[in-house]
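A.B. asks: kindly return the folded structure for what I paste below:
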Amino acid sequence: MRTALKWTAGITLALVVGLALFISFGLDSLRGPIARAVSKATGRELVIDGKIRTVWSRVHPRFRVERVTFANPDWAREDYLFSADAVEAEVRLLPLLRGLIVLPEVRLEGAEVNLEQDEDGRRTWILDTRPNQEKKDSRVAIELLTLDQGHFSYTDAALDIDLQADLNTDQTGVVFAAVGTYQGLDFSASGHAGQVLSLRDQSSPFPLKAEAKIGDTQAKVDGTITGLVGLQTIDTQVTLSGKTMEELYSIVHVALPSTKPYSTSGHLIRKGSVIRYENFTGKVGGSDIAGSLQVDTAGRRPFMEGDLQSKVVDLGDLGMIVGTDEPKEDGVLPDKPFDPARWDSIDADVRIKAGTIRRPEQLPLQNLSARIQMKDRVLTLNPLEFGIAGGKFTGPVTLDGRNDTIGAHLQMRVQKLQLGELFPTIKSNKASVGDIGGLVDLRGTGNSVARMLGSSNGKIGFFMDGGEISQFMMELVALDVWGVAKVQLRGDKPVDVRCAVADFSVQNGVMNTNAFVFDTSVVKVEGGGTINLKNEELDLKLNPRPKDSSVASLNSPLHVRGTFSHPKPSPDVGRLAAKGVGAVVMGIINPLLAVLPLLKEGKGEDSPCNQLMAEATKLKKEAARVPATSSSSDQSAASGATAPRPPSKRGR
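C.D. replies: Numbers count the residues shown, from 1 in each chain. This is a model prediction of the structure:
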C-alpha cells in the first residue's frame, strides 16, 4: 500500500512539475491558435501581439497576456471594441476538472473599451450571430476585476450621446471621471462607485456617490442602486439644480415648465416601475417649494402624482411658466409658446398650495390652490383658486393640446373683491369699500397666453352692488376741478356707490362694451368702446355726468386710447357730454350680459343694480318712442361756447 501511495504521489508530482514546465515555457506558442479560434467563433479579429507567460503566486497560477486587441465591426467609429496593454488573470485549478474556468482576479492595465450604437440600432458589443439559439450559462466566472489607467467610451448616434470616462480601482471600488455630450448637452461627471463586477449582480445594492452636470443641470447622488443596468431599485439622496426645469425634458423626457433657476434636495427611491422623489425641499427663483412627487412608468406614458407646498411664492417666478418673460413685441401679454407635442410625454395629477404670495404692491394676490391634471395631452387646472384684494378668483382652466394648436377654455368666478384693496398704491382709494363680483368665460386657440386671448370668444363682466368710494376719485373722474379743490381743502370722504357694472362680449379677441356704468351719489360715469386683446389696443370713452352744478366742471367725455403698455387718457374738451341716457347704459338690460345671473344671486329686489336696470329699461322705452334730437343749446355747447356757471352752493 505504501508503495502504491508512493508511486501515486510520484506520478502526481511528476504531472504537476510537467504542467508547470509547460506553463513556464510553452504557453507563448498558443498565441496563434487562441487568436484564430476566437476570431473564427466571433467573426471579429483577436490579436495577441505580446507574450503569454505565467506570473507565479502563492495561491493560484497567474497568467499575463500582453498587447491584446479585439476588433469592432467595420461600421464602428473606433477600430477596437477592447484593447489592453496587459491582462493578468488567476485561475483556480480544481474547477478545471469540471470544465469551468474560475478566475479569482482579472487585472487590466491600460485597457480601453469602446461601445457604440448607430442610428439603425446596431451595437458593437453584440457578438452573437445566431440570436435565436438557446442561451447557455457561461462556463467562465470572474470574481474580481481591477483597472489600472482604464478608459471607457460610449456613443449612441440616435440619442446624440458621446461619453468618455477614465477609470481606476481602489480597495473599495472604482474611481471615475467622465466628459462628453448627452442629448446634445455638455456632460461631465466624477465620483466613486462599487466594484466593477458587482454591476452584474441584480440583487445586491451597488454603492454610488457622484456629481454630474448636463447642460446647466447639476446633480449630486449619494446612495445605492440595485440592478444598475435596468435601475430596478434606487435608494439615494439627490440634490438637483439648474437654470430652468424645462431642460430636464432633454434628460428624462418628461415635460416640465420653464422656470427661474432652481435647486432641490430630497430622497429618490425606485421600486419596480415606481420612482418617488419624497420629502424634498428647494427653491425656484425666490420661491420655496417642498413635497413629494411620484412617477409610475408602467403605463403607455409615465403617470406623475404628488403634493407640493410653498410657504412663500414670488409671483415673478410664476411668470416664466406662462411666458410673461417673453411678452409680444411692444406688448404686455405673455407670448412664450407652449409645446403641446411634449405633453404626450406624461400624464399627471398634482396638487399645489401656496401660503404667502410675494408680489408687486400694485397686484394684491393672496393664497393659491390648484389641482393640475394632464391626461392624453389635455391639461386642466380644476379647481384653481387664488385670492386677490380680499376676494378670490375660482374656476377651471382647460388647455387641450391634442392638436398642433392648443384650445383653451377659461371659466372664473370673481367673488367679493374689496374695492379699497384693489388698487393699494392709490392712497385716495383706501377709504373705498364694496364687494366686486363677476365672471370671465372665454374660449380661444393658440400656443401662448397672448394668442389664446387674441383669438378668444366669450364674455367678461364685473359688478359692485352698493358700497362707498372716495369722493376725490369721483370728482377727478368727472373732471370737476372745483370739486377736487374743495375735497383737497376740506378732506376726502366716502360717497355712496349705487351700482357699478362693466360688461363685455368678446369676439375674435375684441372686447365690445355691453354696459359700463358707475353710479354714485355725486356722479354717474357711463362708458363704451372696445379693448382689442389681439393688438393690445384701447379705444374707450368715459362719459361722466356730475349730479350737481359746478362752474369748474368740464363736463366732458374722457377718452382712453393707446396700448396696454402705454394708455393715453385725454379729455374731449371740444364736446359736451351727451344728454340723457346713452345707448351703453340702456344696454344694461341686454339678456346676454354676463353679470345678470350673478346679480340674481345677490341682493335680489333690494339691489341698487336692479333698480338701475329698471330705470334704464324705462328710459330705453321712452327713447324708442321719442326720436333723439340735438337742441340748439346742445349744439352751442358742442362748439365750446358755454358761459361759466357759478359753483354750486350745495354741500357735497
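A.B. asks: can you classify the closest residue to Glu305 other than its chain neighbours as helix, strand or coil?
C.D. replies: Closest residue to Glu305 apart from its sequence neighbours, by C-beta to C-beta, 6 or more residues apart in numbering: Asp349 at 4.6 Å. Placement of C-beta: from N, CA and C, glycine included. Put simply, Asp349 is strand when judged by DSSP: H, G, I helix; E, B strand; the rest coil.
A.B. asks: who does Asp349 bridge with?
C.D. replies: Under DSSP bridges, the beta-bridge partners of Asp349 are Glu305, Gln373.
A.B. asks: what's the answer for the one 5 residues further on, then?
C.D. replies: Taking DSSP bridges, one obtains Ser310, Leu368 as the residues bridged to Ala354.
A.B. asks: coming back round to it: could you measure from the residue nearest to Glu305 over to Ile372?
C.D. replies: According to C-beta to C-beta, to the nearest Å, Asp349 and Ile372 sit 8 Å apart.
A.B. asks: secondary structure element holding Ala500?
C.D. replies: According to DSSP states H and E, Ala500 maps onto strand 494-507.
A.B. asks: and that strand, what other elements does it pack with?
C.D. replies: strand 457-464, strand 467-470, helix 471-477, strand 510-520, helix 608-625 (3 or more C-beta pairs under 8 Å, 6 or more residues apart in numbering; DSSP states H and E).
A.B. asks: comparing those, which gets the lowest mean pLDDT score?
C.D. replies: Note on the helices and strands packed on strand 494-507: lowest mean pLDDT is at helix 471-477, with a mean of 56.
A.B. asks: more neighbours: which of Asp349 and Ile372?
C.D. replies: Ile372 (18 against 14; other C-beta atoms under 10 Å).
A.B. asks: so which residues of the stretch 351-500 of the chain form helices?
C.D. replies: Secondary structure of the stretch 351-500 of the chain, counting by DSSP state H, counting those that start in this stretch: helices at 419-422, 449-454, 471-477, 481-490.
A.B. asks: comparing the ones you listed by mean pLDDT, which bottoms out?
C.D. replies: helix 481-490 (a mean of 49).
A.B. asks: that older thread, Asn382 versus the residue nearest to Glu305, what's the distance?
C.D. replies: Relative to Asn382, and taking C-beta to C-beta, Asp349 is found at 11 Å.
A.B. asks: now do the shared contacts for those two.
C.D. replies: Contact criterion C-beta atoms under 8 Å, 6 or more residues apart in numbering; residues shared by Asp349 and Asn382: Arg371, Gln373.
A.B. asks: helices and strands of the protein: which one bottoms out on pLDDT?
C.D. replies: helix 632-638 (a mean of 38; mean pLDDT, DSSP states H and E).
A.B. asks: quick one: low-confidence parts of the stretch 351-500 of the chain?
C.D. replies: Within the stretch 351-500 of the chain, the segments meeting pLDDT under 70 span 358-365, 419-434, 470-493.
A.B. asks: how about Gly266: what's its closest non-neighbour residue?
C.D. replies: Phe280 (2.6 Å).
A.B. asks: paired strands for the helix or strand where that neighbour lies, with orientation please.
C.D. replies: Secondary structure assignment for Phe280, by DSSP H and E: strand 274-284. Note on strand 274-284: by DSSP bridges, its sheet partners are strand 262-271 (antiparallel), strand 287-296 (antiparallel).
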